[in-house]
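Novice: Could you look at this predicted model? Sequence included:
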Amino acid sequence: MPHAFTFTITRTRFDEDYAPAESSRLTTNFANLARGNCRQQNLRNALQMIDSRLNALIPWDNPAGDRYGIELDIISIDLDINASGKAFPAIEMLQAAILDRTTGARIAGIVGNNFSSYVRDYDFSVVLPEHNKGRDSYSVPEDFGDLHGNLFKSFVSSATYRENFAKPPVICLSVSHNSTYRRTANCHPVLGFEYCKSANSLTEQYFRKMGLQVRYFMPANSAAPLAFYFSGDLLNDYSNLELIGTIATMETFQKIYRPEIYNANSAAGETFRPSLENPDHSLTRIAYDREERSQLAVAQGKFAQTHFIEPYHAILHDWSARQAA
């Protein structure tokens, strides 16, 4: 008998008064900013950085560079199996909207941007270390990411998603510091120069199981390319303003969390190998504890194991196999 997976969505405004919900992953970019004694100043500075970058990317009919603003909603997706009434916090993403202060228009932006998942924490912080314990060489389980990918694809194809969002998600991440990227001749008016790399990373393989492909672009006046994960046609399915909203938002987060790459004092050249050891970079005025974030990823992976994977193991295995078939 097929199992019923029900998704529900809640929206939380990300502004200077934002406080993470108890169910929110604390490793999420926006949740991390909203903690500690500097939380409100952190949020205010981050939002100002996003607005400034947004306006820099929209110079037309914008002489003072302050015509537009960003409005961000955190999209939290809970999953209930077989109407148990025990919803599990499956996914968190961001949705941007662009505010035109001259006309008063509010332009819907892309959903996705940042991506957070307890099950992904479980895969990378619990499954992989356990799989490689005592092994002479590093390897990845054959079914690694299958369940997570099927959960994501099920959500995106659900009536819940279609009722709330007009277009498929685009997730924007940092480039891998273990890869070399080469600039191509392809240049998009908003996304900038495209970069490519020869070898696939584990992240790319993982997101491919979510039904997403990846392209790398470095927008004008950026220090490094961004990784855009999408389905469909990235360059034609989304307007310039939609893409700009994502760039402004996610480049700001990357400057905070990966300053060695995205706030470097020299931009990526024709050949680029990102490094988290790069000393020639500037720090933002925003407090962030990267070591704590890594520790939380392990704790949250174990939370998913205890409250989702183990209690529903048989159901999840059967459901995922049916999805694959």
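Specialist: Thanks, I have the structure now.
Novice: hey, let's count contacts and neighbours off CA atoms from now on
Specialist: Will do.
Novice: just for the stretch 201-325 of the chain, where's the confidence low?
Specialist: For the stretch 201-325 of the chain, applying pLDDT under 70 flags the ranges 287-294.
Novice: so who does Ser76 touch?
Specialist: Ser76 is in contact with Ile9, Thr10, Arg11, Ser24, Pro89, Ala90, Ile91, Glu92, Met93, counting by C-alpha atoms under 8 Å, 6 or more residues apart in numbering.
Novice: can you do 6 Å?
Specialist: Ile9, Thr10, Glu92 (C-alpha atoms under 6 Å, 6 or more residues apart in numbering).
Novice: Can I get those residues in JSON lines including neighbour count and secondary structure?
Specialist: Formatted as JSON lines, the contacts of Ser76 follow (neighbours: other C-alpha atoms under 10 Å; DSSP: H, G, I helix; E, B strand; the rest coil):
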{"residue": "Ile9", "neighbour count": "15", "secondary structure": "strand"}
{"residue": "Thr10", "neighbour count": "11", "secondary structure": "strand"}
{"residue": "Glu92", "neighbour count": "22", "secondary structure": "strand"}
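Novice: Now render these as TSV, adding distance to Tyr181.
Specialist: Formatted as TSV, those follow (distance: C-alpha to C-alpha, whole Å):
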residue	distance to Tyr181
Ile9	37
Thr10	38
Glu92	29
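Novice: of those, closest to Asp51?
Specialist: Glu92 (22.2 Å; C-alpha to C-alpha).
Novice: What backbone torsions are found at the closest residue to the closest one other than its chain neighbours?
Specialist: Counting by C-alpha to C-alpha, 6 or more residues apart in numbering, Glu92 lies nearest to Ser76, which is 4.6 Å off, once chain neighbours are set aside. Ser76 has phi and psi values of phi -100, psi 130 when expressed as degrees, to the nearest 10.
Novice: Need the pLDDT of Ser76.
Specialist: The per-residue pLDDT reported for Ser76 equals 92.
Novice: how about the helices of the stretch 201-325 of the chain, start to end?
Specialist: Taking DSSP state H, counting those that start in this stretch to define them, one finds helices in the stretch 201-325 of the chain at 202-208, 234-237, 240-257, 259-262, 290-304, 313-324.
Novice: now for those helices, which one comes closest to Asp123?
Specialist: The nearest among those, by C-alpha to C-alpha, is helix 290-304 at 7.3 Å.
Novice: and the helices of the stretch 201-325 of the chain, which is most packed in?
Specialist: Highest mean neighbour count of those: helix 259-262, a mean of 25 (counted as mean count of other C-alpha atoms under 10 Å).
Novice: Give me the contacts around it.
Specialist: Outside helix 259-262, the residues that touch it by C-alpha under 6 Å, 6+ apart are Ala223, Ala224, Lys255, Leu276, Asn278, His281.
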